[in-house]
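> Turn this into a structure:
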Amino acid sequence: MKKISVLIACYNEKDNVVPMSEAVVDVLTTKLKNYDYEILFIDNNSDDGTRELLRQICAGNPKIKAIFNARNFGALNSSFHGMLQTTGDCTISLCCDFQDPVELLPDMVKAWEDGARIVVMQKTRSEENRFMYFVRSCYYKLMKNFSDINQIEHFTGFGLYDKSFIQVLRDLKDPAPFLRGIVAELGYKIKIIPYTQAKRRTGKSHYNFFSYYDTAMISITAYTKFGLRAATLLGFITGISSMIIAFAYLIAKLLLWDTFAMGIAPMVTGMFFLGSVILIFLGLMGEYIISINHRLMNRPLVIEEERINFS
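Below you'll find the predicted structure:
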């Protein structure tokens, strides 16, 4: 009998962990009853009572496991580490906020049984904030145009992964993994299933501007050369433009010596413009250096504090 692993990442989801576990168990035992299963919750150091509820859930069902991280190591690292701990013939990864529809699990398993090694769930519509959906769309378009690989638009990591691909992830030993990029770069036999992302059932998202920014920078520094090449190109453009403007001012002054007042405004404006360009690209170079430094230090993805129902 094949075994399905379901990984559920959570952080401060006390209102969602119980109904989520019940919903997943219901789908697995009714619509996928010909499969064995395990459910693994990986908790990113919740402090709202989520862990106490997870202990009760695990006590009531030995097939439900839990990993408690020693601190919050970030959503990307936590989810990736959890996937590496699963033991099923395939692993389904979803979030605990019900934005990833549990009822689509049978469709994912069917695509897997039909030969797909990775089943990517792609958002085609979303009930979230329209502005955020638009911003994400712009980001994916940017990555698609400037990345060395063809990344999948509106793919959040929600999907099914065959155990052979999970082994690929284990062998990577990447201290700063970006699953969406890895799937696009190393994935094979990919099946894409569109879906509509629902709103969170309860609570609010724990992602903020800095979380989104950090995720975007990991993607840009790992899978594009756009930033560094843009700096070089813009340097040439601004350099040539400055020379043209300088010659134009010199000719105008020589021809209209008494009537053409140069002033200092153009010089000050140019200095501020060039200074801002330099600072922007120094910051971008810093992001690349941070990424290199993170990988060279090769720290563990997470430090576990406790495991439940692991034999």
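> Can you list the low-confidence ranges for the stretch 151-300 of the chain?
200-229, 253, 257-268, 294 (pLDDT under 70).
> and with 50 instead?
For the stretch 151-300 of the chain, no stretch has pLDDT under 50.
> how near is the nearest residue to residue 185 once chain neighbours are set aside to residue 178?
Spatial nearest neighbour of residue 185, excluding adjacent residues (CB to CB, 6 or more residues apart in numbering): residue 149 at 4.7 Å. Glycine gets a C-beta too; all of them are placed from N, C-alpha and C. Residue 149 is 11 Å from residue 178, where distance means CB to CB, to the nearest Å.
> if we can go back for a sec, just give me the neighbour total for the residue nearest to residue 185.
Residues near residue 149, counting by other CB atoms under 10 Å, number 15.
> did I read that right, it in a strand?
No - under DSSP: H, G, I helix; E, B strand; the rest coil, residue 149 falls outside any strand and is assigned coil.
> Model confidence for it, exactly?
Per-residue pLDDT puts residue 149 at 70.
> Please report how far it lies from residue 183.
Taking CB to CB, one finds residue 149 at 10 Å from residue 183.
> does residue 82 really touch residue 9, like I thought?
Yes - between residue 82 and residue 9 there is a contact at 6.2 Å, judged by CB atoms under 8 Å.
> Quick check: neighbours shared by those two?
Residues touching both residue 82 and residue 9 (CB atoms under 8 Å, 6 or more residues apart in numbering) are 42, 93.
> The top helix by length along the chain - contacts with which helices or strands?
For the chain, the helix with the greatest residue count under DSSP state H is helix 265-297. If you count contacts as 3 or more CB pairs under 8 Å, 6 or more residues apart in numbering; DSSP states H and E, helix 265-297 packs onto helix 209-223, helix 226-255.
> Go through that helix and flag the buried ones.
Neighbour-count burial for helix 265-297, counted by 16 or more other CB atoms under 10 Å, picks out 281, 284, 287-288, 291.
> Generate a markdown table for the residues you listed, with distance to residue 235 as supplementary columns.
Converted to a markdown table, those look like this (distance: CB to CB, whole Å):
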| residue | distance to residue 235 |
| --- | --- |
| 281 | 8 |
| 284 | 13 |
| 287 | 18 |
| 288 | 16 |
| 291 | 22 |
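> nearest to residue 141, of those?
Nearest to residue 141 among these, counting by CB to CB, is residue 284 at 19.0 Å.
> Isn't the closest one up against residue 231?
Yes - counting by CB under 8 Å, residue 231 is a contact partner of residue 284 at 6.8 Å.
> the helices in this protein, which residues?
17-30, 50-60, 75-84, 105-113, 130-146, 163-172, 179-186, 209-223, 226-255, 265-297.
> Burial-wise, tell me which of those helices comes out on top.
For these, the largest average neighbour count (mean count of other CB atoms under 10 Å) is found in helix 75-84, namely a mean of 21.
> Packing partners of that helix?
strand 3-10, strand 36-43, strand 64-69, strand 90-95, helix 163-172, helix 179-186, helix 209-223.
> Who does the first one pair with, and is each partner parallel or antiparallel?
Going back to what we said before, that points to strand 3-10. strand 36-43 (parallel), strand 90-95 (parallel) (DSSP bridges).
> residues making contact with the last one?
Contacts to strand 90-95, defined as CB under 8 Å, 6+ apart, come from residues 2, 4-10, 79, 82-83, 100, 102, 105, 108-109, 112, 156-163, 166.
> Which positions in it come out as buried?
Buried residues in strand 90-95, defined by neighbour count with 16+ other CB under 10 Å: 90-95.
> Contacts only, for the nearest residue to residue 71 once chain neighbours are set aside.
Excluding the flanking residues, the one nearest residue 71 by CB to CB, 6+ apart is residue 45, at 4.9 Å. Each residue near residue 45 by CB under 8 Å, 6+ apart is listed here: 11, 68-73, 305.
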